[in-house]
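Q: got a structure for you, letters missing:
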């Protein structure tokens, strides 16, 4: 069969010329990248028998394995949860914003160990091999493993747009699956009812003790107020003012202190660094001494204009000036000392008066605090007495917000595994392996030339004709 006809045949041998060229090879569309359909088909056909055999073996193994997979049964119990229970005695009043978190909370609660431990003890699952797989250690390890396996067998889901709650259990035994689902549902009912009723009952039992404690606190607060009044001689703690005279005396002392401090600052500013300036209230002697100093300084200035620095008159004036300044500095120091002493006396008297007044106010504050404690004790005791009847009535009721709709029944048909889907998946995987493994072996380890495209695309050799398999020639 002619696979590809060249543009022209080569010339006869006699007419061949050196340098004659064969027709150039024209590549097929798509270049030489990848494989053609003919190449792929030849490679598959070369290993077709092996692929069919591998597919048959893989399907047989998959059938045997899938047919021996253990069956699993699901049993479901249904409950209805009244999240809109507004019974004030039960203490339940859910707002619309909390409804979105109620069912997820209940689902997590059912998966909690507090809910599952009683189920394990009730059904004795620690003696079931299905739930003790992986046990290696002590009793706590066994309990953790059983709880983990039990949690894996459960599927808790809320109803779609309803108040139903479904509890499903999965097990190899349909009866055991129904027992687990019913046990979890019953335990959830019991604990839910206990959470509603137990607080009211416990509160009623403790109410008598609380009333007694409140009464004791009221009596103790009354005794404290009485003792405090006797100790400090205050008949009425509520209306005991500090007193205008005490407040006015403290204000006067503060005013005197500020006035004396201002006077001292003014005196210190006038004295300055020389210490020769004084207050306007200085005596006549100090004023005369200051005038004498001014006269001596003016005479010294006039004498320096005509006399030298070592002249006896200059030296005498300088000596008199220094003596006069020393006298003025002594007088200024004494004035400052008297002013500071007066300031300190007023300040000490102000501090003593303030401390006495603060102490009295602390006593008054303590009395007011005792009165407040007494009033709070009275209010708490009265409120407890008013709520006693309501608590006692609430503790006598039996409230519930979860009701069992249907118990779980042992299922007749297994829910897992879906052998049809598993076998279809196994068929697809086996088919891929049966074709893919020989094909990969051909490409990676044992590449052969099986058709004209292998020569043309790999070796760029023009194929003029392709023949089918030929019979061997007969012996002569």
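A: Arrived safely. Since we're looking at a predicted model, the values are computed, not measured.

Q: Now do residue 230 against residue 365, distance only.
A: The gap separating residue 230 from residue 365 is 18 Å, by CB to CB, to the nearest Å. The way it works is simple: take the backbone N, C-alpha and C, and place the C-beta from them, glycine included.

Q: And for residue 352?
A: Counting by CB to CB, the gap from residue 352 to residue 365 is 20 Å.

Q: Quick check: residue 384 touching residue 209?
A: No - the pair residue 384 / residue 209 is not scored as a contact, 11.0 Å apart, by CB atoms under 8 Å.

Q: Which one's more surrounded, these two?
A: Here residue 384 and residue 209 are compared on neighbour count by other CB atoms under 10 Å; more neighbours surround residue 384, at 16 against 9.

Q: residue contacts, that one?
A: Contact analysis of residue 384 by CB atoms under 8 Å, 6 or more residues apart in numbering lists 207, 210-211, 214.

Q: List just the nearest of these to residue 422.
A: residue 207 (63.2 Å; CB to CB).

Q: part of a strand, is that closest one?
A: No - read with DSSP: H, G, I helix; E, B strand; the rest coil, residue 207 is helix and lies in no strand.

Q: What's the first helix or strand after the lengthiest helix in the chain?
A: Taking DSSP state H as the criterion, the chain has its longest helix at helix 312-395. Proceeding N to C from helix 312-395, the next assigned helix or strand is strand 402-406, under DSSP states H and E.

Q: who does that next one pair up with?
A: The strands beside strand 402-406 in its sheet (DSSP bridges) come out as strand 73-81 (antiparallel).

Q: contacts for the strand it pairs with?
A: 102-103, 106, 155, 163-174, 177-178, 180-182, 184-185, 188-189, 401-411, 413-416.

Q: Okay, and which of those map to helices?
A: Members of the contacts of strand 73-81 lying in helices (criterion: DSSP H): 102-103, 106, 174, 177-178, 180-182, 184-185, 188-189.

Q: of all the residues you listed, which comes closest to residue 379?
A: Using CB to CB, the ones in helices among the contacts of strand 73-81 come closest to residue 379 at residue 102, 35.8 Å.

Q: That closest one: neighbour count?
A: Residue 102, neighbours per other CB under 10 Å, totals 15.

Q: Ramachandran coordinates for the spatially closest residue to residue 438 that is not a sequence neighbour?
A: Once flanking residues are discounted, residue 438 sits nearest to residue 47: 3.7 Å by CB to CB, 6 or more residues apart in numbering. When read as degrees, to the nearest 10, the backbone of residue 47 gives phi -110, psi 20.

Q: so how many other residues sit close to residue 47?
A: Applying other CB under 10 Å, we find 19 residues neighbouring residue 47.

Q: again, but for the one 3 residues further on
A: Residues contacting residue 50 under the criterion other CB under 10 Å number 13.

Q: Which helix or strand contains it?
A: Assigned by DSSP H and E, residue 50 falls within helix 48-67.
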